[in-house]
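**Student:** what's the 3D shape of this:
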Amino acid sequence: MKITYIVNTRMPNQRAHGFQIAKTCEKFAELGNDVELWHPYRINDIGDDVFAYYGLKKNFKIRVISVFDPLFLERYIGALAFHLQSMAFFLTVFFSPIEKGRVVFTRDFMVAFLLRARGFEVVYNAHNWSGHRSFFSFLLDKKVKIVCNSEGTCAKLKDRGFENSLVARNGVEISEFTTVESKSDIKKKLSIPADKKVIMYAGNLYRWKGVDVILEAVKLPEVKSLNAVVFIVGGDENDVEAYKKKVEEENISGVAFSGHVLRKDIPFYLKAADVLILPNSAESEESVSYTSPIKMFEYMASGVPIIASDLPSIREVLNDRSCFFVKPDRPEELGGAISKMLSDSSLCKRIADQALLDVKKYTWDEYAKKIILFLEKN
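**Tutor:** The predicted model follows:
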């Protein structure tokens, strides 16, 4: 099969979607498909190319679409610059020659609409639902194939008449989490105190990800009394600085920030932890219904027990045997769960072992195979 994956985003980038896009291309190509990734030109502080930055095999081609970078105009016209860039990108893609018979795979519904109008077989990769996507349901042919990241996303699309849909959740490369190094050696390498328990969150620092709840939980007596440090791994520079300021202003002790870390180092950080936190907020519909966090699968593969918000999106993968659930946005519940987990090693082992068993269903290989089979059968 010949697949052209078209995205309107900076590549590579530090966010999870960039890795997910690149990993999908690699895995499609591993299955014997002819894969191209198209993305726009953007000024990029990351010096490495897509393959080096994400640690991928060079088994697919990349085409950079020449359109202006919106950062040139943002200082003058604000968000309008990004709308103009999107229009330029979509029109350039629409008029670009594409080999007959190629399947167009995309996360951008305007790309899906325009190239479906040109007669190409199009697959829309849906990762959420929001108000502006209601417009999408009127534009796009209901027969278009949809690959959804979650049951919540799929249900929303089926409500809009898109029946030719598949749920394919994100995944993990389990082999990245096999290491002969001990936890103490990893802690030493990462300059994490050897004598302290480690409570860890890894990922972006958007508000709906729930980092504020962790910081409130840290203030509680039952957490303060623990010989523990809270490690916040990831986040862009501005968000990290904002949270550092919050910690300083509120005099919250026992919290450390790593800032952005390379993907190759994430398994080591996770395996250095004693408990991993997935504190998604119920205040965001994205969090409640649509998300399929890559870090959830990485947490599972790490062999470290997980505490997570009890939300439908999370329960699509985790359950009461593989995770300790708490009500979202409740620092007191999270604090109690942390205290319980760090004092009950047998509970931790049972939860971590079950998650490690369950995650075998959620590899990137299985993800790619599921999608390719769906495309071949439809």
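
**Student:** only C-alpha atoms for contact and neighbour calcs from this point on.
**Tutor:** Will do.

**Student:** in a strand, Y124, correct?
**Tutor:** Yes - the assignment for Y124 (DSSP: H, G, I helix; E, B strand; the rest coil) places it in a strand.

**Student:** helix, strand, or coil at the closest residue to it other than its chain neighbours?
**Tutor:** In this structure, Y124 finds its nearest non-sequential neighbour in I146, 4.9 Å apart by Cα to Cα, 6 or more residues apart in numbering. Recorded secondary structure, I146: strand (three-state DSSP).

**Student:** swap in I199?
**Tutor:** In terms of secondary structure, I199 is strand; the call rests on three-state DSSP.

**Student:** can you tell me how far it sits from I338?
**Tutor:** 8 Å (Cα to Cα, to the nearest Å).

**Student:** mutual contacts of those two, please.
**Tutor:** Here I199 and I338 share the contacting residues V275, scored by Cα atoms under 8 Å, 6 or more residues apart in numbering.

**Student:** bridging residues for the residue nearest to Y124?
**Tutor:** Y124, S165 (DSSP bridges).

**Student:** check what pLDDT it gets.
**Tutor:** Note on I146: pLDDT of 95.

**Student:** which residues touch it?
**Tutor:** V123, Y124, N125, A126, F162, N164, S165, L166.

**Student:** can you rerun that using 7 Å?
**Tutor:** Shown in contact with I146 (Cα atoms under 7 Å, 6 or more residues apart in numbering): V123, Y124, N125, A126, N164, S165, L166.

**Student:** got it, and M110?
**Tutor:** Listed by Cα under 7 Å, 6+ apart, M110 has no contact partners.

**Student:** export the helix or strand hosting it to CSV, keeping only CA atoms.
**Tutor:** Secondary-structure assignment from DSSP states H and E places M110 in helix 109-117. Extracted in CSV, the C-alpha atoms of helix 109-117 (Å, rounded to 0.1, in the frame of the first residue of the first chain):
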residue,chain,number,x,y,z
PHE,A,109,-10.0,17.5,8.4
MET,A,110,-9.5,20.2,5.8
VAL,A,111,-6.8,18.1,4.1
ALA,A,112,-9.3,15.1,4.3
PHE,A,113,-12.0,17.2,2.7
LEU,A,114,-9.9,18.8,-0.1
LEU,A,115,-8.2,15.6,-1.1
ARG,A,116,-11.4,13.6,-0.9
ALA,A,117,-12.8,16.2,-3.3
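
**Student:** quick one: least confident helix or strand in the chain?
**Tutor:** helix 133-139 (a mean of 69; mean pLDDT, DSSP states H and E).

**Student:** T179 - how many residues pack around it?
**Tutor:** 12 (other Cα atoms under 10 Å).

**Student:** same check on the one 10 residues further on?
**Tutor:** By the other Cα under 10 Å criterion, the neighbourhood of K189 contains 12 residues.

**Student:** list phi and psi for it.
**Tutor:** phi -60, psi -40 (degrees, to the nearest 10).

**Student:** go on, V233?
**Tutor:** phi -110, psi 120.

**Student:** distance of it relative to R263?
**Tutor:** 11 Å.

**Student:** could you confirm E36 falls within a strand?
**Tutor:** Yes - under three-state DSSP, E36 sits within a strand.

**Student:** so who does it touch?
**Tutor:** I3, T4, Y5, F60, K61, I62.

**Student:** go again with 8 Å.
**Tutor:** Per Cα under 8 Å, 6+ apart, neighbours of E36: I3, T4, Y5, C25, F60, K61, I62, R63.

**Student:** hey, what's it bridged with?
**Tutor:** T4, K61.

**Student:** picking up where we left off before, most neighbours, which of the contacts of E36?
**Tutor:** Neighbour tally across those (other Cα under 10 Å): the maximum, 27 neighbours, falls on C25.

**Student:** from the chain's centroid, how far away is the host helix or strand of it?
**Tutor:** For C25, the enclosing helix or strand under DSSP H and E is helix 16-30. Remark: helix 16-30 is offset 12 Å from the chain centroid, using Cα atoms, centre = their mean, to the nearest Å.

**Student:** now do the buried residues in it.
**Tutor:** Of all the residues in helix 16-30, those buried under the rule 16 or more other Cα atoms under 10 Å are 17-30.

**Student:** turn the residues you listed into CSV, columns for distance to S313 and pLDDT.
**Tutor:** Output for those, formatted as CSV (distance: Cα to Cα, whole Å; pLDDT from 0 to 100):
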residue, distance to S313, pLDDT
H17, 17, 94
G18, 21, 96
F19, 21, 97
Q20, 18, 97
I21, 21, 98
A22, 23, 98
K23, 22, 98
T24, 21, 98
C25, 25, 98
E26, 26, 98
K27, 24, 98
F28, 26, 98
A29, 29, 98
E30, 29, 98
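
**Student:** can you redo these as JSON lines with distance to D49?
**Tutor:** Converted to JSON lines, those look like this (distance: Cα to Cα, whole Å):
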{"residue": "H17", "distance to D49": "16"}
{"residue": "G18", "distance to D49": "12"}
{"residue": "F19", "distance to D49": "12"}
{"residue": "Q20", "distance to D49": "15"}
{"residue": "I21", "distance to D49": "14"}
{"residue": "A22", "distance to D49": "11"}
{"residue": "K23", "distance to D49": "14"}
{"residue": "T24", "distance to D49": "16"}
{"residue": "C25", "distance to D49": "14"}
{"residue": "E26", "distance to D49": "14"}
{"residue": "K27", "distance to D49": "18"}
{"residue": "F28", "distance to D49": "19"}
{"residue": "A29", "distance to D49": "18"}
{"residue": "E30", "distance to D49": "19"}
